[in-house]
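[1] got a sequence here, can you model it:
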Amino acid sequence: MKKVLVTTDLSKNAKAGLRFAIQLASQRPVALTFFYSYHLMKPASWSEAAFAAYKKSEAAKNQKKLHQYVNSIYKSKGKVPPTIKYVVKEAILADSAIRDYALKNKL
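    Prediction:
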C-alpha cells in the first residue's frame, strides 16, 4: 500500500488538497497521514515548567483542531474517515518538520 503525507495549515485554501487526497484514497489503496506543523514562541517571563505545560496543552489543542478539520472535510464529501493517521508537530520551520517526518517514516 502506498503512503501519502497530506500537509495542511488548516486554512480554507488547504481544503482542496485534502479533498484530492481523500478522493485518491477512495480510488486506490493509499494510507493517508494528515500532518500539521505550528510554531510557539516562549515569552521571556515564563519559566521552563510553565512553557512546557503550555506546549503540552497547545499540542493537544492542535491535535483536536486537525481531527476536526479533516473530519469536517470527510463529512462534507459524505464519507466516513477510514483508519488514518494524524500528526501534529511543533517546529520553527514547517518545511523542515515535514521533510524530517517524511524521512523518518519512509513516506
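
[2] contacts, neighbours, all on C-alpha from now
    OK.

[3] which non-adjacent residue is nearest residue 85?
    residue 33 (4.6 Å; C-alpha to C-alpha, 6 or more residues apart in numbering).

[4] which residues of the protein fall in strands?
    Taking DSSP state E as the criterion, the chain contains strands spanning 2-8, 30-38, 85-90.

[5] export those strands to TSV and tack on distance to residue 62 and mean pLDDT?
    Shown next, in TSV, are those (distance: least, C-alpha to C-alpha, whole Å; pLDDT from 0 to 100):
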stretch	distance to residue 62	mean pLDDT
strand 2-8	12	94
strand 30-38	8	95
strand 85-90	7	96
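
[6] okay, the ones you listed, which one's buried deepest?
    strand 30-38 (a mean of 19; mean count of other C-alpha atoms under 10 Å).

[7] in the protein, which helix is the longest?
    Taking DSSP state H as the criterion, the chain has its longest helix at helix 48-76.

[8] which strands and helices lie in contact with it?
    Other helices and strands packing on helix 48-76, by 3 or more C-alpha pairs under 8 Å, 6 or more residues apart in numbering; DSSP states H and E, are helix 15-27, strand 30-38, strand 85-90.

[9] closest to residue 72 out of the ones you listed?
    Proximity to residue 72 (C-alpha to C-alpha) singles out helix 15-27 among the helices and strands packed on helix 48-76, at 10.0 Å.

[10] show me which residues of the closest one are buried.
    Going by neighbour count (16 or more other C-alpha atoms under 10 Å), the buried part of helix 15-27 is 15, 18, 19, 21, 22, 25.

[11] repeat that for stretch 78-97.
    86, 87, 88, 89, 90, 94, 97.

[12] residue ranges in this protein under the pLDDT threshold?
    Of all residues in the chain, none has pLDDT under 70.

[13] for residue 73, find the nearest of the helices and strands packed on helix 48-76.
    helix 15-27 (6.9 Å).
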